[in-house]
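# The sequence and its predicted three-dimensional model are supplied below.
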Amino acid sequence: MPLKWVFHWQPNAGTTVNSQMLTEVSQCAESINGVKEGRWKATLTFYKPMFRDQAVPAEYPRDFLGISLPEQPNRYYFIIRSQKIVLEADSSIQMIMEKLQSYKSRVSLTFEGFQYQLGDFQLRVGKVAPSASENLRGIVLEVEYLPLSSMEKSRQILDGFVEIWQEAMSKRSLPGHFMHIEPNFAEFGLSDHYTSQHTAVQYATVMAQLISAVQTAQAKVAWWE
Amino acid sequence: MECVVQGIIETQHVEALEILLQGLCGVHRERLRIHESCLKSSPNLGLVASEVRVLCDLEQPEPTWIVRHIGGAMRGSGAEQISVLVRTMVESKVSKNVLRLFYALGYKLDHELLRVGFAFHFQRGASITVTVSSVNKMLKLHATDEAVPVTPGIQLVEVTAPASSENYSEVAAAVSSFCEYLAPLLHLSKPGTSTGVVPTAAAAAASLMSDAGVTT
């Protein structure tokens, strides 16, 4: 399948993301002749372990999350980033997790917005918000290059597109920039040939970045709401 | 949900059973080689103890994986009147590192089995699957090449059909009706209520083999 890079908005120190920035980013996509297509939406859920006896200490992953992606409506993805595990499953795996009652959903976040077609590229601009509220917590950008599935072969082409994009963005003088951190896919057992599992790993990486940008524990809790 | 019955048959009569099934189902059999890992939650994990099965189909060119959760059986007077077991069952195809994920989540391997045999999938009032397999245990962890039968000389026959809360009666009736054709060779009943091998099996098997032109 076509490969994509997932970027997250990194605000400058002392600034926070707001909906005006999201509007500017969307306008930027249109300014480089992006043709607005439909809406898109992905959902990310953090799971927490349930214990019968709260007093008993236990070592369980704190970064166990599940992701649904719009391009794979019948699939669900589990990631434990700290242990470099990604699993692709049928959507029915969510029902299995509910029946097991060992892990429950702690919080869900939604990534949603519009997608734009630019020649061989497809852009998705999306806001990040808790599923239960409209509070904007971040902005993501997906850049998908449709003709290729090999990450190595397409690297230069994507670099070239990103240069054009960053230049267009710089004209808007927004207090921040889009960052792309490429996960070490090989550590997750993934190959050079791009798949939706790669996308799931990128979203997990983006989440880790968004959370780490929130400094205090108190602020982290507030971030979810 | 699914409807399930099970029975046992002596290995010496499996060939006759295959002939009978071939005639009844009208489809070719598929070879079966499934590595089944039963995982249980660690103590204290979960509001209740939980169990999940991970099945790896070793017969495919590339092994394929399924996670299966088997829930409680239907209970009550209605359930008692049905001769098949009706129980909740949810399964999901998964990618290959499913065991790593569940171990990381706090599940432990309780036991593992290797089922070797064949299966028939066909439509007869419901979508029915009949599997005939020897159940083998591994002497070393995950050593599927060194498995030995749990009950030498005896194989397990399972008849299953997916069902929903709207149609389980019809599915159960279809399964029951089909099982009657197998009665001369084996008795199928709800899991947990085994009735052993049937006394007519040897004669029925001989008759089937003779009709098929197979000399014994």
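Structure's in. What do you need?
# Report the buried residues of the helix or strand B:S177 falls within.
According to DSSP states H and E, B:S177 maps onto helix B:168-182. The neighbour-count check on helix B:168-182 (16 or more other C-beta atoms under 10 Å in any protein chain shown) flags B:168, B:171-176, B:178-179, B:182 as buried. Heads up, the C-betas are built off the backbone N, CA and C, glycines and all.
# May I see these arranged in JSON lines, with pLDDT and distance to chain A as well?
Putting those into JSON lines (pLDDT from 0 to 100; distance: C-beta to the nearest C-beta, whole Å) gives the following:
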{"residue": "B:Y168", "pLDDT": "91", "distance to chain A": "18"}
{"residue": "B:V171", "pLDDT": "95", "distance to chain A": "19"}
{"residue": "B:A172", "pLDDT": "94", "distance to chain A": "22"}
{"residue": "B:A173", "pLDDT": "93", "distance to chain A": "26"}
{"residue": "B:A174", "pLDDT": "94", "distance to chain A": "24"}
{"residue": "B:V175", "pLDDT": "95", "distance to chain A": "23"}
{"residue": "B:S176", "pLDDT": "93", "distance to chain A": "27"}
{"residue": "B:F178", "pLDDT": "93", "distance to chain A": "27"}
{"residue": "B:C179", "pLDDT": "92", "distance to chain A": "28"}
{"residue": "B:L182", "pLDDT": "90", "distance to chain A": "31"}
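# Which residues does the helix holding B:S177 contact?
B:1, B:3, B:5, B:7, B:17, B:20-21, B:24, B:74, B:82-84, B:86, B:124-126, B:128, B:157, B:159, B:161-163, B:188 (C-beta atoms under 8 Å, 6 or more residues apart in numbering or on different chains).
# In helices only, show me the residues you listed.
B:17, B:20-21, B:24 (DSSP state H).
# And the strands in chain A?
For chain A, applying DSSP state E gives strands covering A:3-11, A:35-49, A:64-68, A:75-80, A:85-90, A:103-118, A:121-130, A:138-145, A:176-179.
# Mind putting those into CSV with mean neighbour count, distance to B:G153 and mean pLDDT?
Converted to CSV, these look like this (neighbours: other C-beta atoms under 10 Å in any protein chain shown; distance: least, C-beta to C-beta, whole Å; pLDDT from 0 to 100):
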stretch, mean neighbour count, distance to B:G153, mean pLDDT
strand A:3-11, 22, 55, 93
strand A:35-49, 16, 44, 95
strand A:64-68, 23, 45, 97
strand A:75-80, 24, 42, 98
strand A:85-90, 22, 38, 98
strand A:103-118, 18, 43, 94
strand A:121-130, 22, 60, 94
strand A:138-145, 23, 58, 94
strand A:176-179, 15, 65, 91
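# quick one: which of those strands is nearest chain B?
When the strands of chain A are compared by C-beta to the nearest C-beta, strand A:85-90 sits nearest chain B, at 4.1 Å.
# quick one, that closest one and strand A:64-68 angle?
40 degrees (axes from the mean of the first three to the mean of the last three C-alpha atoms, to 10 degrees).
# between strand A:85-90 and strand A:75-80, how many degrees?
Using the same axes, to 10 degrees: strand A:85-90 against strand A:75-80 is 160 degrees.
# And strand A:85-90, what does it pack against?
strand A:75-80, helix A:196-212, strand B:85-94, helix B:98-105 (3 or more C-beta pairs under 8 Å, 6 or more residues apart in numbering or on different chains; DSSP states H and E).
# Per-residue pLDDT of B:S177, please?
We note a pLDDT of 93 for B:S177 in this prediction.
# Next: A:W224.
According to the predicted model, the pLDDT of A:W224 comes to 62.
# cool, and A:K220?
If you check A:K220, the pLDDT there is 60.
# likewise A:S91?
97.
# What count of nearby residues applies to B:I19?
16 (other C-beta atoms under 10 Å in any protein chain shown).
# no wait, B:I154
Using other C-beta under 10 Å, B:I154 has 15 neighbouring residues.
# Closest one to A:D63 out of the ones in helices among the contacts of helix B:168-182, please.
The closest of these to A:D63 turns out to be B:L21 (C-beta to C-beta; 48.8 Å).
# which one is the closest one nearest to, not counting chain neighbours?
In this structure, B:L21 finds its nearest non-sequential neighbour in B:F120, 5.2 Å apart by C-beta to C-beta, 6 or more residues apart in numbering or on different chains.
# Residues in a beta bridge with that neighbour, which ones?
Going by DSSP bridges, B:F120 is paired in beta bridges with B:V130.
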